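Visitor: Mind looking at a prediction? Sequence and model below.
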Amino acid sequence: MAITSIKNLKEFSTANERFEGAHLLCPGCAHSMIVRELMNCTDDNLVIASNTGCLEVSTAVYPYTSWDTSWIHIGFENAATAASGAEAMYKARKRKGTLKDPDAPVKFVAFGGDGSTYDIGFQWLSGAVERGHDFTYICLDNENYANTGGQRSSASPIGANTTTAQAGRFSYGKKEKKKDMVAIMAAHGAPYVAQLAPNKWKIMAKGFQKALETEGPCFINTVSACTTEWKFDPKDTIHVTDLATDTLMFPIYEIIDGHELNILYRPKNIIPVEEYLASQGRYKHLFKPENKHVIERIQKDIDAKWEYLQRREEARV
Amino acid sequence: MAEKMELNDIEVWDGNYAASQALRQAQVDVVSAYPITPSTPIVESYGAYVANGYVDGEFVMVESEHAAMSGCIGAAAAGGRVATATSSQGFMLMIEVLYQASGMRLPIVLTVVNRAVASPLNVRGDHGDMYAGRDSGWVQIDAFNAQEAYDLTLCAFKIGEDMDVRLPVMVHQDGFVTSHTAQNVKPLQDDVAYNFIGKYQPYEEMLDFTKAVTYGAQTEEDWHYEHKAKQHKALMDSRDVIDRVFAEYKELTGREYNRVEKYFMDDAEVAIVALGSAVETARYAAEELRAEGIKAGVVAPRCFRPFAFDGIREALENVKAVSALDRSCPMGAMGTLFNEVSAALYTNDKRPIISNYIYGLGGRDFSVAEAKRIFKEQKAHADAGHLTTPIQQFSGLRGPKLGFFETKRGN
Ligand SMILES: Cc1ncc(C[n+]2csc(CCOP(=O)(O)OP(=O)(O)O)c2C)c(N)n1
Ligand code: SF4
Ligand SMILES: [Mg+2]
């Protein structure tokens, strides 16, 4: 095992076989692409903590495990804390000289869905980042509670049809804006925060590497297209993700030390958001005439956010 | 290297300080904690050891008790000694994670300073929190005074970390009555205490990269039952290790501990079964009543879990009347200790008359006079050959007497 470059996708995707392909995620689920990429972008040993969610229930069903590395799951909300505890133990044992191999390089990583990251595990994540543990937290943001059948989370966008914020005769789906988790984590003063996507796999791999190499707590929100709850054909995961990044529904950018913002991907042709919305069943109802204003609102929000990001980048503050 | 602390043969410590000294001497690798009355001083004292070089492990002050136990789990799975402290609401917030700690068979030590559970909010001692932990799969050991809080915290590490146990252990003490009352405590010197516990032995640790480990897997109806039954077996099997550790501790210090503590039970005619500081009150009362010719004795489960079903039965089989005292509101049932003691006695042909007292909720004082009155009621039952009071009573409660359950036995 060894990763030499992130030039060739075929080479890169098989660099480190530490995440077994035999798992129970849906065909076409982006979670596995993101996890695999994280595990392939470093040769260091990994201690990984996962919150409850699709990733966890699909990769560690006794007597099997997909994790050829140290892995722990406690509950829905506390992977950040599990990682902080393990990292604290590493420091203590290193100091006391009780590690089996004190020179073995190790990185601590936590994975959480948007449900555990934006909602139930928010406090645990915030605490772990405030305490400054040396770990990287990766949110697999599919904008809903997928594992339990597609309920709303505070990451679900306006207009999305979820089972607990349903579209119907008197409803266009979720009414509230998506929580800006990237800004919130940057406001913690975390040394590295980013939003990345698996279709832009080189940018994502470099971002992951940067986070792992940065000392201190890093946060990355990854766009994770969910074929089951977003309702698109499993073969279209990357296509849908392309639309997400090229409509700027998910802008790709990083924030260093809480202030230095860099846009990492600028679409050559910015696509109108309708195309992204039309690619998924969860937005189908928005194309009824009475819901046209919702699409307009979404486009307006996207434009405003893009403007904001560009100005922040220019201002270097 | 952590600096050593010179200790006097006899120190004047309260229960909290005694517990914190045991954590220091155990050279815990990671303490992940959150403060709450009345256990806060354990965490604060530990913070002072850290600040002054008496501890060289990590001290992680997290943002909640749920996180405190979550951090302990992550740390324990990474292969080192782990401990924390809590009480009451903090304990309740931890509960989800307590089950996860024991389910993953991680030897974490939790010092619990018992306090009532809101609402209404109350900072004083009762056993509401201890009882809430009873199905969590932890070993639960109960200290009745500061010396015991010290001794049993040292023992807790040795029990939980034993390769035949590998389970988390709680050491309970009563809020304020024990935690904040300074008493004479005979500590061990640092080396002696540490050597008694021994070096931590990592097992299936996340920081040994020669072997991948998966912690916290999922099991459904195909395997869950077997896992839980195996966990129960581990808890039951810990009885032998507890006995062995107590025996070794006695050899070292002369201080004797048993899973069931018996006081004046050789010839007792009437008995009280209790937990916590009330045990000492009841012992004092028993001693005074002996002078009055009443053969009173006291039985105390030192281990609330694993419950000494056999030991309790044997301790009580020759008494005529016994009362189980519960310092927690039974909420729609008989008291927990009453139920467990009754169940143990039911498996014997000889079944003493048994009754239940609820007492001391929210820190209401439990006096020697009250204990004596309870003993005297037992004596009246014994003489009459049947219960002469309602089977469940509320001792020290203002207002009209409460009683809800009937007994048809012996009347
Ligand atoms: C304390 C607690 N509350 C609720 C649940 C039920 N639950 C498990 S996973 C989940 C949703 C997960 O959503 P997310 O974090 O977005 O991950 P995804 O499955 O979408 O990847 C819920 C509600 C739980 N396991 N624990
Ligand atoms: S439901 Fe969605 S997130 Fe869950 S495994 Fe399927 S595609 Fe992936
Ligand atoms: Mg989700």
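Guide: Structure received. Ligands and ions are numbered 1, 2, ... in the order given.

Visitor: Show me the shaky parts of chain B.
Guide: Low-confidence segments of chain B (pLDDT under 70): B:410-411.

Visitor: partner residues bridging the residue in it that ligand 2 sits nearest to?
Guide: Ligand 2 sits closest to B:Gln218 of chain B, with a gap of 14.1 Å, by C-beta to the nearest ligand atom. C-beta: built from backbone N, CA, C; applies to glycine. Beta-bridge pairing of B:Gln218 under DSSP bridges involves A:Val61.

Visitor: so it makes contact with A:Ala60?
Guide: Yes - taking contacts as C-beta atoms under 8 Å, B:Gln218 lies within contact range of A:Ala60: 6.0 Å.

Visitor: more crowded one of the two?
Guide: In this view B:Gln218 and A:Ala60 are compared by other C-beta atoms under 10 Å in any protein chain shown, and A:Ala60 has more residues nearby, 23 against 16.

Visitor: still on that earlier bit, please report how far the residue of chain B closest to ligand 2 lies from A:Asp246.
Guide: Note on B:Gln218: its distance to A:Asp246, by C-beta to C-beta, to the nearest Å, is 37 Å.

Visitor: do the same with A:Arg312
Guide: With distances taken as C-beta to C-beta, A:Arg312 is found 21 Å from A:Asp246.

Visitor: Now B:Asp326. Its backbone dihedrals?
Guide: phi -120, psi 120 (degrees, to the nearest 10).

Visitor: and it, bridged to which residues?
Guide: Residues in beta-bridge contact with B:Asp326 (DSSP bridges): B:Ile358.

Visitor: doesn't B:Tyr359 make contact with it?
Guide: Yes - between B:Asp326 and B:Tyr359 there is a contact under C-beta under 8 Å: 7.5 Å.

Visitor: what does the stretch 51-200 of chain A have sitting close to ligand 2?
Guide: Residues of the stretch 51-200 of chain A lying near ligand 2 by C-beta under 6 Å from any ligand atom: A:Cys54, A:Ser58, A:Asn142, A:Ala146.

Visitor: Apply 5 Å and report the result again.
Guide: For the stretch 51-200 of chain A, the residues found near ligand 2 under the criterion C-beta under 5 Å from any ligand atom are A:Cys54, A:Asn142, A:Ala146.

Visitor: from those, which is closest to A:Asn262?
Guide: Nearest to A:Asn262 among these is A:Asn142, at 25.1 Å by C-beta to C-beta.

Visitor: ok, now how distant is the nearest residue to that closest one once chain neighbours are set aside from B:Glu204?
Guide: In space, A:Asn142 comes closest to A:Cys226 once its chain neighbours are excluded; the distance is 3.8 Å by C-beta to C-beta, 6 or more residues apart in numbering or on different chains. Noted for A:Cys226: a distance of 33 Å to B:Glu204, by C-beta to C-beta.

Visitor: For residue 299, which residues are in contact?
Guide: I went with chain A, as the question did not name one. Listed by C-beta atoms under 8 Å, 6 or more residues apart in numbering or on different chains, the contact set of A:Gln299 reads A:Pro272, A:Val273.

Visitor: wait, chain B
Guide: If a contact means C-beta under 8 Å, 6+ apart, then B:Val299 has B:Val260, B:Glu261, B:Lys262, B:Tyr263, B:Met265, B:Ala271, B:Ile272, B:Val273, B:Ile312, B:Ala315, B:Leu316, B:Val322 as its contacts.

Visitor: So what are the sheet partners of the strand or helix carrying the second one and their directions?
Guide: Element membership of B:Glu261, judged by DSSP states H and E, is strand B:260-263. Each strand pairing with strand B:260-263, determined using DSSP bridges, is listed with its direction: strand B:296-301 (antiparallel).

Visitor: Would you point out which residue of the stretch 101-250 of chain B is nearest ligand 3?
Guide: Here the stretch 101-250 of chain B gets closest to ligand 3 at one residue, B:Gln218, 17.4 Å apart by C-beta to the ion.

Visitor: what sits against the residue lying closest to A:Gln280 once chain neighbours are set aside?
Guide: Closest residue to A:Gln280 apart from its sequence neighbours, by C-beta to C-beta, 6+ apart: A:Trp230 at 4.4 Å. By C-beta under 8 Å, 6+ apart, the contact list for A:Trp230 reads A:Asn142, A:Glu143, A:Val240, A:Gln280, A:Gly281, A:Arg282.

Visitor: From the residues you listed, list just the buried residues.
Guide: Among the contacts of A:Trp230, those classed as buried by neighbour count (16 or more other C-beta atoms under 10 Å in any protein chain shown) are A:Asn142, A:Glu143, A:Val240, A:Gln280, A:Arg282.

Visitor: can you redo the residues you listed as TSV with secondary structure, pLDDT and distance to A:Tyr253?
Guide: As requested, these are exported to TSV (DSSP: H, G, I helix; E, B strand; the rest coil; pLDDT from 0 to 100; distance: C-beta to C-beta, whole Å):
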residue	secondary structure	pLDDT	distance to A:Tyr253
A:Asn142	coil	98	20
A:Glu143	coil	98	18
A:Val240	helix	98	20
A:Gln280	coil	98	23
A:Arg282	helix	98	25
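
Visitor: any chance of the residues you listed in JSON lines, plus distance to B:Val112?
Guide: Shown next, in JSON lines, are those (distance: C-beta to C-beta, whole Å):
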{"residue": "A:Asn142", "distance to B:Val112": "40"}
{"residue": "A:Glu143", "distance to B:Val112": "41"}
{"residue": "A:Val240", "distance to B:Val112": "51"}
{"residue": "A:Gln280", "distance to B:Val112": "50"}
{"residue": "A:Arg282", "distance to B:Val112": "47"}
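
Visitor: Out of those residues, which comes closest to ligand 3?
Guide: A:Asn142 (4.2 Å).
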